[in-house]
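Engineer: okay, sequence plus prediction incoming.
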Amino acid sequence: DGGITQSPKYLFRKEGQNVTLSCEQNLNHDAMYWYRQDPGQGLRLIYYSQIVNDFQKGDIAEGYSVSREKKESFPLTVTSAQKNPTAFYLCASSISTRLAGNQQFFGPGTRLTVL
Amino acid sequence: AQSVTQPDIHITVSEGASLELRCNYSYGATPYLFWYVQSPGQGLQLLLKYFSGDTLVQGIKGFEAEFKRSQSSFNLRKPSVHWSDAAEYFCAVGAKDSSYKLIFGSGTRLLVRP
């Protein structure tokens, strides 16, 4: 069954701690993305990766870091430098970022709450 | 700069009534347009997409959208709404920068009255 999985579904973190959100896809897609969703603001792009061992900052990369060591995995670390990390985080993938109009497939999301 | 505007934050319709959700975009070239739906606490599911050709696009779950270049719009429609359509709907444009990324509108939450 092909798709994107994110874990955990809910995550709680104390202030000052780093936390890593998992994203795995078995669609054989080259491109992967991380979005942050806040009420009334839609989705904002944090980081994206066009291919293994490559990634670029999106619109709101400050306080976040990523890695892309394997094609199927694109973990996101929310660092203590992120001032307002409580949000819903969505991972997505697509065949390639070089295809015009390429469709993105989304995972179920992780809700992060900072206590 | 590329942008997407969904002017309606909330829309309430009665079950069985018709629906139109508005989307306006700003993009210099031919846009690639998408509508996604999100149920509470879930990821996004693609309803339909427009790349080129016929300006009336059919999607899943009985939805359709019409691309109007002169109005920079891509409104989503459904002739008869079901209670299960209650969700949040996002319009997005595929924008070419160094690569093709999606720019999302802020979403419209649809409530369905029984």
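Structural biologist: That came through, no problem. Bear in mind the structure is a predicted one, so any value in this text is a computation, not a measurement.

Engineer: quick check: residues of chain A near chain B?
Structural biologist: Taking C-beta under 8 Å from any C-beta of the partner chain as the contact definition, chain A meets chain B at A:4, A:6, A:31, A:33, A:40-45, A:48, A:50, A:56, A:58, A:88, A:90, A:92, A:97-109, A:111. Any C-beta I mention is one placed from the backbone N, CA and C, and that applies to glycine too.

Engineer: residues near B:Glu88, how many?
Structural biologist: 19 (other C-beta atoms under 10 Å in any protein chain shown).

Engineer: likewise B:Ser52?
Structural biologist: As a burial measure, B:Ser52 scores 10 neighbours (other C-beta under 10 Å).

Engineer: checking the residue lying closest to it once chain neighbours are set aside next. Helix, strand or coil?
Structural biologist: Excluding its sequence neighbours, the residue lying closest to B:Ser52 (C-beta to C-beta, 6 or more residues apart in numbering or on different chains) is B:Thr30, at 7.0 Å. At B:Thr30 the chain is in coil, as set by DSSP: H, G, I helix; E, B strand; the rest coil.

Engineer: tell me the pLDDT at B:Thr30?
Structural biologist: Model confidence at B:Thr30, given as pLDDT, is 74.

Engineer: what about the residues of chain A next to chain B, which are in strands?
Structural biologist: In strands, defined here by DSSP state E, the members of those are A:4, A:6, A:31, A:33, A:43-45, A:48, A:56, A:88, A:90, A:92, A:105-106, A:111.

Engineer: going by neighbour count, which of those residues are buried?
Structural biologist: A:4, A:6, A:31, A:33, A:43-45, A:48, A:56, A:88, A:90, A:92, A:105-106 (16 or more other C-beta atoms under 10 Å in any protein chain shown).

Engineer: these: which two are farthest apart?
Structural biologist: The most widely separated members of those are A:Gln56 and A:Phe88, with 22.2 Å between them, by C-beta to C-beta.

Engineer: residues of chain B that sit close to chain A?
Structural biologist: Counting by C-beta under 8 Å from any C-beta, chain B sits next to chain A at B:9, B:32, B:34, B:36, B:41-46, B:49, B:51, B:90, B:94, B:96, B:98-102, B:104-107.

Engineer: so the residue nearest to B:Ser52 touches B:Tyr50, yeah?
Structural biologist: No. Contact criterion C-beta atoms under 8 Å: B:Thr30 and B:Tyr50 do not qualify, at 9.8 Å.

Engineer: give me the more crowded residue out of the two.
Structural biologist: Neighbours per residue, other C-beta under 10 Å: of B:Thr30 and B:Tyr50, the larger number sits with B:Tyr50, 23 against 14.

Engineer: so what's the nearest residue to that one once chain neighbours are set aside up against?
Structural biologist: Nearest residue to B:Tyr50, sequence neighbours excluded (C-beta to C-beta, 6+ apart): B:Leu33, at 4.4 Å. Each residue near B:Leu33 by C-beta atoms under 8 Å, 6 or more residues apart in numbering or on different chains is listed here: B:Cys23, B:Tyr25, B:Lys49, B:Tyr50, B:Ala65, B:Phe67, B:Phe74, B:Cys91, B:Ala92, B:Val93, B:Gly94.

Engineer: show me the contacts for B:Glu20.
Structural biologist: With contact taken as C-beta under 8 Å, 6+ apart, B:Glu20 is in contact with B:Asn75, B:Leu76, B:Arg77.

Engineer: just the buried ones out of those residues, please.
Structural biologist: For these, a burial check counting by 16+ other C-beta under 10 Å picks out B:Asn75, B:Leu76.
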